[in-house]
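Engineer: compute the structure for the input listed below.
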Amino acid sequence: MASMSRLVLKDCKFRTHDVLYKPSSSLPARKLQSYLDVRGEFPEAKNGRSLSVLNKPWSPVVTIPSSVIQTSRNSQFLCKAATNLSGDGPSKTPDGMSQYERIIETLTTLFPVWVILGTVVGIYKPAAVTWLETDLFTLGLGFLMLSMGLTLTFEDFRRCLRNPWTVGVGFLAQYLIKPMLGFIIALTLKLSAPLATGLILVSCCPGGQASNVATYISKGNVALSVLMTTCSTIGAIVMTPLLTKLLAGQLVPVDAVGLAISTFQVVLVPTIVGVLANELFPKFTSKIVTVTPLIGVILTTLLCASPIGLVSDVLKTQGAQLILPVAVLHGAAFALGYWLSRVSFGESTSRTISIECGMQSSALGFLLAQKHFTNPLVAVPSAVSVVCMAVGVFLALAQTYCFHFLQARVFRFLFLLGNLLVPILLMHANSPAAWWECSCSLLEEQADTC
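Structural biologist: Okay, the predicted model is just below:
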């Protein structure tokens, strides 16, 4: 899935990039790139002309108005660089993407559809997906981590250090808000010890790679999403075992050391190998990453469907009881992540932090539950979490394409309802006849407006 993030990052509607170097500028290009990447607000170019500051081939392209250019012979060097070079590559569509990239983009955007289909298959035909047992599941998850590493460089980690405030807010939302929500919901709903432990475990997992796709679909800041996923993945080595031990250790025995070792093996090692391969063998990895998105789509669907198939019997008998706490966990995390970040950040960044806070690596939670807990019910919340996150991606898609349509009608309805309250007050002050006359006039006025 992380390899799909590279494709997502590449499709940013800007196909060519202007490279600007201006030593006399009071704002260095590197700092400008860092600031704009985090804020995620792409200012509109004026007069159809724009410049872009670019760090690497698949980083998001940020445009700045052409008014920053001043006529000077030695103050700047301006060149034109295209991302997609002509040659013997795949044929290009009019918007600059190859046919293969367009297909992969479509498959990636339909990610929630594949997850829902995999869920249905897992429940009604579990034998079709349960062959992905613990060892194969570990290899599959490790491959996804490797594919994420192949799309990263050491510069990405330096950018995390240069942008501590925004990434730090996302990190705290990931490892403070979500674990506390899981703990409070488990106690409030009085879940059994295994289910409560599973809910806490999945709430302590790092951000899921599918969050990058959800951010892309909901038109958030994809660059920030990748940064936050990377940081939470690295932090999971310590935070996931520590928080699980603190919050669930009183319910069941928790092997914090074993959790840390498994997280290190499955998450950190493949990621580091991918980053090193990308740094040392860039030409080789550039060929690999053209294939990994398609593999990532298939593999992610299997990793989501397999947990459902393994706990299908439990879901059929106790599905309603299990879905409620997991759905409340994700819904509350989405809402709190958005509104808390909205205080300090813009819409795009707040939406990104909300998605990162609400979407966890359920596959990692399921794997840790299977390997380090004897009760099979501990793994059930992680399996249910897959479905809830797929619904969350659907909501992100619906929000993007239906928000303005619904917003106008909801606003009109609330406006109409508020206006009807005025006649009710008039009824108490005067007579029912006056209330009826005023109500009819307002209804006619709103009908003409709608």
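Engineer: where does this structure have low pLDDT?
Structural biologist: 1-97, 160, 209, 319-320, 391-450 (pLDDT under 70).
Engineer: which parts of the stretch 301-450 of the chain are helices?
Structural biologist: Using DSSP state H, counting those that start in this stretch, the helices found in the stretch 301-450 of the chain span residues 312-342, 347-358, 362-372, 380-429, 432-449.
Engineer: counting contacts, what elements does the second one pack onto?
Structural biologist: In other words, helix 347-358. Counting by 3 or more CB pairs under 8 Å, 6 or more residues apart in numbering; DSSP states H and E, the packing neighbours recorded for helix 347-358 are helix 29-39, helix 164-172, helix 210-217, helix 222-248, helix 312-342, helix 380-429. Yep, even glycine has a C-beta here, placed from its N, CA and C like the rest.
Engineer: for that helix, buried residues please.
Structural biologist: 348, 349, 350, 351, 352, 353, 354, 355, 356, 357, 358 (16 or more other CB atoms under 10 Å).
Engineer: state the pair within these that is farthest apart.
Structural biologist: Farthest-apart pair in these is 348 and 358; separation 16.2 Å (CB to CB).
Engineer: quick check: domain ranges of the chain?
Structural biologist: 2-82, 99-403, 407-449 (automatic domain parsing).
Engineer: about what we covered before: could I get the buried residues of helix 347-358 as TSV with distance to residue 231?
Structural biologist: Output for the buried residues of helix 347-358, formatted as TSV (distance: CB to CB, whole Å):
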residue	distance to residue 231
348	18
349	15
350	18
351	18
352	13
353	12
354	17
355	15
356	10
357	13
358	17
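Engineer: out of these, who's nearest residue 379?
Structural biologist: Distance to residue 379, by CB to CB, is smallest for residue 358 among those, at 20.5 Å.
Engineer: so how far is residue 348 from the nearest residue to residue 314 once chain neighbours are set aside?
Structural biologist: Spatially, and ignoring its direct neighbours in sequence, residue 314 is nearest to residue 380 (5.6 Å; CB to CB, 6 or more residues apart in numbering). Relative to residue 348, residue 380 is positioned 35 Å away (CB to CB, to the nearest Å).
Engineer: export stretch 344-359 as CSV, just CAs?
Structural biologist: Presented in CSV, the C-alpha positions along stretch 344-359 are these (Å, rounded to 0.1, in the frame of the first residue of the first chain):
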residue,chain,number,x,y,z
SER,A,344,-4.0,25.5,14.7
PHE,A,345,-4.0,24.3,11.1
GLY,A,346,-5.9,24.7,7.8
GLU,A,347,-8.5,22.5,6.3
SER,A,348,-6.2,20.3,4.3
THR,A,349,-3.8,19.6,7.2
SER,A,350,-6.6,19.1,9.7
ARG,A,351,-8.2,16.5,7.4
THR,A,352,-4.9,14.7,7.0
ILE,A,353,-4.3,14.5,10.8
SER,A,354,-7.9,13.3,11.3
ILE,A,355,-7.4,10.4,8.9
GLU,A,356,-4.0,9.5,10.4
CYS,A,357,-5.6,9.5,13.9
GLY,A,358,-8.6,7.4,12.8
MET,A,359,-6.9,4.8,10.6
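Engineer: what sits up against stretch 239-246?
Structural biologist: Residues outside stretch 239-246 that contact it (CB atoms under 8 Å, 6 or more residues apart in numbering): 175, 179, 200-201, 204-206, 254, 256-257, 259-260, 263, 364, 368.
Engineer: strands of the stretch 51-200 of the chain, residue ranges please.
Structural biologist: Here the stretch 51-200 of the chain has its strands, by DSSP state E, counting those that start in this stretch, at 62-65, 77-82.
Engineer: mind checking how far the residue lying closest to residue 203 once chain neighbours are set aside is from residue 139?
Structural biologist: Spatial nearest neighbour of residue 203, chain neighbours left out: residue 182 (2.9 Å); criterion: CB to CB, 6+ apart. For residue 182, the distance to residue 139 equals 28 Å [CB to CB].
Engineer: so between the two, which is more surrounded?
Structural biologist: residue 182 (31 against 13; other CB atoms under 10 Å).
Engineer: for that one, what are its contacts?
Structural biologist: The contact partners of residue 182, taken as CB under 8 Å, 6+ apart, are 199, 200, 202, 203, 204, 247, 329.
Engineer: try it again at 10 Å.
Structural biologist: If you count contacts by CB atoms under 10 Å, 6 or more residues apart in numbering, residue 182 has them with 196-204, 243-244, 247-248, 325-326, 328-329, 332-333, 360, 381.
Engineer: residues in contact with residue 343?
Structural biologist: 169, 350 are the contacts of residue 343 under CB under 10 Å, 6+ apart.
Engineer: give me the phi and psi for it.
Structural biologist: phi -60, psi -40 (degrees, to the nearest 10).
Engineer: distance of it from residue 336?
Structural biologist: Counting by CB to CB, the gap from residue 343 to residue 336 is 12 Å.
Engineer: now swap in residue 141 and tell me
Structural biologist: On the measure of CB to CB, residue 141 and residue 336 end up 28 Å apart.
Engineer: one more: residue 207?
Structural biologist: Separation of residue 207 from residue 336 (CB to CB): 15 Å.
Engineer: ok, residue 193 next?
Structural biologist: In this view, residue 193 and residue 336 are 26 Å apart by CB to CB.
Engineer: same question, residue 261
Structural biologist: Applying CB to CB, the value for residue 261 to residue 336 is 32 Å.
Engineer: and those two? Which one has more around it.
Structural biologist: More neighbours surround residue 336 than the other of residue 261 and residue 336, with 18 against 15 (other CB under 10 Å).
Engineer: in space, what's closest to that one - neighbours in sequence excluded?
Structural biologist: residue 177 is the one closest to residue 336 (CB to CB, 6+ apart), at 5.5 Å.
Engineer: what about the closest residue to residue 170 other than its chain neighbours, neighbour count?
Structural biologist: The shortest distance from residue 170 to any non-neighbouring residue, by CB to CB, 6+ apart, is to residue 228 (4.1 Å). Number of residues near residue 228 (other CB under 10 Å) recorded here: 30.
Engineer: again, but for residue 322
Structural biologist: 22.
Engineer: how about the nearest residue to it once chain neighbours are set aside, what does it touch?
Structural biologist: Once flanking residues are discounted, residue 322 sits nearest to residue 384: 5.2 Å by CB to CB, 6+ apart. Residue 384 is in contact with 119, 195, 198-199, 202, 307-308, 311, 314-315, 319, 322-327, 329-330, 362, counting by CB under 10 Å, 6+ apart.
Engineer: again, only this time at 7 Å
Structural biologist: Residues near residue 384 by CB atoms under 7 Å, 6 or more residues apart in numbering: 322, 323, 326.
Engineer: next, the buried residues of stretch 284-292.
Structural biologist: Quick answer for stretch 284-292 (16+ other CB under 10 Å): 285, 288, 289, 290, 292.
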